[in-house]
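In: Sequence below, structure please.
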Amino acid sequence: YEFTADICNSENTYSWNFGDTLSGINNVSTSNPATHIFSNDGTYIVSLVVTDVCGNTSFKTDTIEINCPAFVCECPSGSSEVELQSGQITDLIDNPSITSFQNKCIKINGKVVINKDFAFVTCRVLMEPGAEIEVKTGKTFSASYSHFLGCTNMWKSITVLSGAKVNLHFDTIQDAEFGLHAFGGSTIKLQFNRFYLNYVGVFADGGSINQIAPMLGNRFYTNGSFLPTYTGQTNSPGAYGYCGVLVKNAVFSVGALTSSAPNYFYDLYNGIIGINSDLTATKANIHDLITIRSRLQPARKFSNADGDGIFTNNSTLTALSNTISVTNGAITDYQGKSLIAYDNNISNTVSGIYCAFPKIECYMDKNQITNYYLYGIGVSAPQSKIALMITRTDTFSSSTSSSLSGGSTAIYLENVVASNLAQVQGNKM
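Out: Numbers count the residues shown, from 1 in each chain. All right, here's what the predicted structure looks like:
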């Protein structure tokens, strides 16, 4: 708990007593604000004496009730257990020289704040309902070969504040509302992790998220049943995770051209979503997504992502060398500022690449699009005279569905006037 005096002056002195005699020397503090971890549940009388520079004093007491929820998670028999109950990691560990837990079963209740560089190595991390790990500005949290999971309900997130760093390597992040929630100005490294049964695997939220190394070799999938939501959870996953990566008001990259380790997305409602963002998706392997709507409902009618491989709204999207199959829409840029789609391999989808109500430019070059229901490439109603290029793309459809009026269309242009066109050439249909 944190306590702050109503009277704040740099020349004042403060004397706190938390009424918690079992906490020994930690029962008093001269800081303002002051923090205290209570020894047990119960009723405590907290007192404060403020003394000014002239020696005048002001005294106040307050009664508080402490009722921390009990741990419900159970570690496997014989495990070396660690319990972390709401607070800063420096206050929750007995030995201040400890910088990591190795081969432990860690139970986390409430919000645990990483306020020193710390690591979990080969640990089983049991998250109580709504539990959260928050990494403080200027600090680094690392985890490798560890498994984070809920026990009875979903948990909140590993939260990375601006200026904080997180390194996740060969970990499993399971049962979270947001597996990793990274704010603008944070730095992350995500390689070869499994994001499993989360509402969203990685949430890049506001501003530019720095990456120490490219995001590689991660898997985002469902393939199982979700735990019940925690009390106060605003996002419910339904039968499948909403998406693997969500980028909102942020600058973020998924993957790298130089890598042979793609990020995989499957058994989700959507693969990668960008809202009001600058998103680059490279060498992602996205397949077998779930759509709530009929597979044959025209993809160009929707405004919300639903069974989409890569979907952006009011964003800049660069999609390079992705492999996308069995989706509603493979690559969709809705009211976008710029779409660049190059060398993507798309198959078995309702629509291949769709540029809807574009603002500035749509560049589509050297893509391979096969077995689409409606169209390989679609451009609808530019909001201004955009730059448009559709070149060197192979499109082929074997669809024979009788429910499709007129069959499939290789390139579909809607309300695109002649002055919009820069290049539509060199394509094979």
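In: give the contact list for residue 243.
Out: Residues near residue 243 by Cβ atoms under 8 Å, 6 or more residues apart in numbering: 200, 201, 220, 268, 269, 270, 271, 272, 273, 305. The C-beta positions use only the backbone N, C-alpha and C, and glycine is treated the same way.
In: Which element, helix or strand, includes it?
Out: strand 241-254 (DSSP states H and E).
In: Check which residues of that strand are buried.
Out: For strand 241-254, burial by neighbour count (16 or more other Cβ atoms under 10 Å) applies to 241-248, 250-254.
In: How about stretch 200-210?
Out: Under 16+ other Cβ under 10 Å, the buried positions of stretch 200-210 are 200, 201, 202, 203, 204, 205, 206, 207, 209.
In: Inside helices: which ones of those?
Out: Members of those lying in helices (criterion: DSSP state H): none.
In: Residue 325: which of these is nearest?
Out: Nearest to residue 325 out of these is residue 201 (Cβ to Cβ; 19.7 Å).
In: The closest one contacts residue 195, correct?
Out: Yes - if you go by Cβ atoms under 8 Å, residue 201 and residue 195 touch, sitting 3.3 Å apart.
In: anything in contact with each of the two?
Out: Residues touching both residue 201 and residue 195 (Cβ under 8 Å, 6+ apart): 173, 179, 180, 218, 220, 244.
In: pull the helix or strand with minimum mean pLDDT from the protein.
Out: Lowest by mean pLDDT, DSSP states H and E among the helices and strands of the chain is strand 421-425, with a mean of 79.
In: neighbouring strands for that strand, and are they parallel or not?
Out: strand 387-391 (parallel) (DSSP bridges).
In: Check the gap between the residue lying closest to residue 381 once chain neighbours are set aside and residue 357 for me.
Out: Counting by Cβ to Cβ, 6 or more residues apart in numbering, residue 381 lies nearest to residue 415, which is 4.4 Å off, once chain neighbours are set aside. Distance, residue 415 to residue 357, by Cβ to Cβ, to the nearest Å: 10 Å.
In: between the two, what contacts are shared?
Out: When contacts are counted by Cβ under 8 Å, 6+ apart, residue 415 and residue 357 are jointly contacted by 380, 381, 382.
In: Any of those buried? List them.
Out: Burial by neighbour count, judged by 16+ other Cβ under 10 Å, picks out 380, 382 from the shared contacts of residue 415 and residue 357.
In: Is it possible to get TSV of the shared contacts of residue 415 and residue 357 that adds distance to residue 105?
Out: TSV is the format used below for the shared contacts of residue 415 and residue 357 (distance: Cβ to Cβ, whole Å):
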residue	distance to residue 105
380	54
381	56
382	57
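In: nearest to residue 158, of the shared contacts of residue 415 and residue 357?
Out: Nearest to residue 158 among the shared contacts of residue 415 and residue 357: residue 380, at 39.1 Å, using Cβ to Cβ.
In: The closest residue to that closest one other than its chain neighbours: what's it in contact with?
Out: Sequence neighbours aside, residue 414 is the residue nearest to residue 380 in space, at 4.2 Å (criterion: Cβ to Cβ, 6+ apart). Each residue near residue 414 by Cβ under 8 Å, 6+ apart is listed here: 300, 378, 379, 380, 381.
In: Surely residue 362 is in contact with residue 355?
Out: Yes - counting by Cβ under 8 Å, residue 362 touches residue 355, with 3.9 Å between them.
In: more neighbours, these two?
Out: Using other Cβ atoms under 10 Å, the more surrounded residue of residue 362 and residue 355 is residue 355, with 30 against 27.
In: Next up, the contacts around residue 166.
Out: Neighbours of residue 166 in contact, by Cβ under 8 Å, 6+ apart: 135, 140, 141, 142, 158, 160, 180, 182, 186, 187, 188, 189.
In: That one bridge partners, please.
Out: Beta-bridge pairing of residue 166 under DSSP bridges involves residue 141, residue 188.
In: And it, how close does it get to residue 324?
Out: Per Cβ to Cβ, residue 166 is found 28 Å from residue 324.
In: Have a look at residue 415 and residue 357 and say which one is more surrounded.
Out: When residue 415 and residue 357 are compared on other Cβ under 10 Å, the one with more neighbours turns out to be residue 357, at 16 against 10.
In: so who does that one touch?
Out: Neighbouring residues of residue 357 by Cβ under 8 Å, 6+ apart: 334, 335, 380, 381, 382, 383.
In: if we go to 10 Å?
Out: Counting by Cβ atoms under 10 Å, 6 or more residues apart in numbering, residue 357 makes contact with 303, 314, 333, 334, 335, 336, 379, 380, 381, 382, 383, 415.
In: Look up phi and psi at it.
Out: phi 50, psi 50 (degrees, to the nearest 10).
In: Residue 199 versus the closest residue to it other than its chain neighbours, what's the distance?
Out: Once flanking residues are discounted, residue 357 sits nearest to residue 335: 4.7 Å by Cβ to Cβ, 6+ apart. From residue 335 across to residue 199, the span is 25 Å (Cβ to Cβ).
In: what's the answer for residue 129, then?
Out: According to Cβ to Cβ, residue 129 and residue 199 sit 14 Å apart.
In: do residue 106 as well
Out: Using Cβ to Cβ, residue 106 is found at 22 Å from residue 199.
In: who has more neighbours, the two?
Out: Neighbours per residue, other Cβ under 10 Å: of residue 106 and residue 199, the larger number sits with residue 199, 25 against 22.
In: Pull the contacting residues for the more buried one.
Out: Per Cβ under 10 Å, 6+ apart, neighbours of residue 199: 154, 157, 175-179, 226, 229, 233-238, 240-243, 246.
In: for the contacts of residue 357, which one is nearest residue 425?
Out: The shortest approach to residue 425 among the contacts of residue 357 belongs to residue 379, at 14.9 Å (Cβ to Cβ).
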